[in-house]
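Peer 1: 3D, please:
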Amino acid sequence: MSSSIPFERYDEEFLSLTEQVTSKLRGLDPSTSSSSSVPPAATADADLKMAHNLLLQADDLLKQMGLEARGVEDASVKRDLLGKVRVCKTRLANLRDDYESAKGFVERSNLGLGSSDLESGYRNGGGRNGSMGGGKERLLSNTDALQSQSETLANARSIMAETENVALEITEELGRHRETIQSAHGRVRQVTGMTNRARRIVQSMSRREVQQKLILYGVGGTIIVVFLMLIYGMFR
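Peer 2: Down below sits the predicted model:
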């Protein structure tokens, strides 16, 4: 059980990092805040940068947790720890989504693309205000496209990391199976050696039995010849 102590420390540190990320993102994204406004640009950018750094630290820590879990020898403990790692991966993926959402909202706010501006552009519909609204709409569309691409890349990285972890687990399972097969081969060789020794012993016993029979037959024949010669001498 002592082997899981480092993992527990990693788990506590991961929880602390995720709580800090949640604290930084709270208030930046209107979906996670009661207010539809964001802090000043400098404060919002600083919070986003800090949240990004915390997410990177959490990702590195999660990799360490995976290595620690896969290094446990006890199968049941290892299964429980890998389950915790999967839960942490899900939480980290959700935080990444929240970060991308908050980042997009801050970028829109920095460009002056708040919801009230968009509605004003749609209402004015023509002239200079309409042109500005159309330009803002195009900027918003481009921002959404970039955000979508960023989310796609983040999901791809997450899938690659998950695939790498699965590949490592499969490799470890194959290694354990190979060790089991090698151990079985060793036992087969031992049994084969014992069988060969037993066969040699049986062959030796068979040869001795044949030799003993030949000796008995020789002794019996000699006794019969001597007996016949004695009888012959008596009646001569």
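
Peer 1: Which element, helix or strand, includes Gly220?
Peer 2: helix 127-234 (DSSP states H and E).

Peer 1: repeat for Val72
Peer 2: Using DSSP H and E, Val72 falls outside every helix and strand.

Peer 1: Flag the helix or strand of this structure with the lowest per-element mean pLDDT.
Peer 2: helix 115-124 (a mean of 43; mean pLDDT, DSSP states H and E).

Peer 1: Report pLDDT for the residue nearest the centre of the chain.
Peer 2: The chain has Asn165 as the residue nearest its centroid, 3.1 Å off, counting by CA atoms, centre = their mean. If you check Asn165, the pLDDT there is 71.

Peer 1: Double-check it against Leu67; I have them as touching.
Peer 2: No - assessed by CB atoms under 8 Å, Asn165 is found out of contact with Leu67, at 9.6 Å. In short, each C-beta sits where N, CA and C put it, glycine included.

Peer 1: shaky segments in the chain?
Peer 2: Residues of the chain that meet the criterion pLDDT under 70 lie in 1-5, 27, 29-41, 111-145, 147, 150, 236.

Peer 1: Glu8: neighbouring residues, count only.
Peer 2: Neighbour count for Glu8, taken as other CB atoms under 10 Å: 13.

Peer 1: hang on, Asp59 packs against Ala93?
Peer 2: No - if you go by CB under 8 Å, Asp59 and Ala93 don't touch, sitting 10.3 Å apart.

Peer 1: What separation is there between Ile224 and Ala156?
Peer 2: 100 Å (CB to CB, to the nearest Å).

Peer 1: I meant Arg108, not that one.
Peer 2: Noted for Arg108: a distance of 24 Å to Ala156, by CB to CB.

Peer 1: Looking at those two, which is more packed in?
Peer 2: Just comparing Arg108 and Ala156: by other CB under 10 Å the higher neighbour count belongs to Arg108, 21 against 10.

Peer 1: Which of the helices or strands spans the more buried one?
Peer 2: Secondary structure (DSSP H and E) places Arg108 in helix 75-110.

Peer 1: and that helix, what does it pack onto?
Peer 2: With contacts taken as 3 or more CB pairs under 8 Å, 6 or more residues apart in numbering; DSSP states H and E, helix 75-110 sits against helix 5-25, helix 41-70, helix 127-234.

Peer 1: Could you quantify the relative orientation of the shortest one and helix 41-70 as an angle?
Peer 2: Just to be clear, that refers to helix 5-25. For helix 5-25 against helix 41-70, the angle by axes from the mean of the first three to the mean of the last three CA atoms, to 10 degrees is 160 degrees.

Peer 1: Buried residues of helix 5-25, list them for me.
Peer 2: Across helix 5-25, burial judged by 16 or more other CB atoms under 10 Å covers 7, 10-11, 14, 17-18, 20-22, 24-25.
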